[in-house]
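Student: The sequence isn't on hand, but the structure is:
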C-alpha cells in the first residue's frame, strides 16, 4: 500500500527556514519521482519542486528557485524540502506526491495528507 506522510510544517517568520519531510512506504522511493505541491484556500494546487529518479535532479518552480532545495535519503525512504528565505506568499498547505513513475510529471495519483506552512511575523 502506497503511503506518503508529510511533516515539518509550522509557523516561521519571514526570512526563516523550515525543512519538510515526506516519508514514503509501500514502494522504494528512489525508483520513482517525488514532487512537492502547495495549495492555498481557493486556489489550485501547484507543483513547487520535483526530484526525478531518472537523473536525480531537482526541478523547481520559478517562485521558489534559489530558495528551496529538494533532496532524498534512500536509506530512510524520505524526501525533504529545505525551504530558506521564506516569504509570506509561501504560506500554504504543502503536499508530497508520487505517480510511481520515473520522470517528474504534472499529475500524480498518490498524495500525502499535507502539512501547513505559515510565514508570518
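Tutor: It's in. Predicted model only: the values in this text are computed from it and were never measured.

Student: Give me the pLDDT value at the residue nearest in space to the middle of the chain.
Tutor: Taking Cα atoms, centre = their mean, the centroid of the chain lies closest to residue 36, which sits 2.6 Å from it. Here the pLDDT value assigned to residue 36 is 98.

Student: Okay, and the beta partners of it?
Tutor: residue 49, residue 96 (DSSP bridges).

Student: Hmm, residue 94 and it touching each other?
Tutor: Yes - if you go by Cβ atoms under 8 Å, residue 36 and residue 94 touch, sitting 6.1 Å apart. C-betas here are computed from N, CA, C, even on glycine.

Student: Residue 30: how many residues sit nearby?
Tutor: Neighbour count for residue 30, taken as other Cβ atoms under 10 Å: 16.

Student: so it sits in a strand?
Tutor: No - judged by DSSP: H, G, I helix; E, B strand; the rest coil, residue 30 forms no part of a strand; its state is helix.

Student: Spatially nearest residue to it (excluding sequence neighbours)?
Tutor: If the residues on either side of it in the chain are set aside, residue 30 comes closest to residue 74, at 4.3 Å by Cβ to Cβ, 6 or more residues apart in numbering.

Student: Kindly list the main-chain dihedrals of that neighbour?
Tutor: phi -70, psi -30 (degrees, to the nearest 10).

Student: Kindly report the same for the one 3 residues further on.
Tutor: Residue 77 has phi and psi values of phi 50, psi 40 when expressed as degrees, to the nearest 10.
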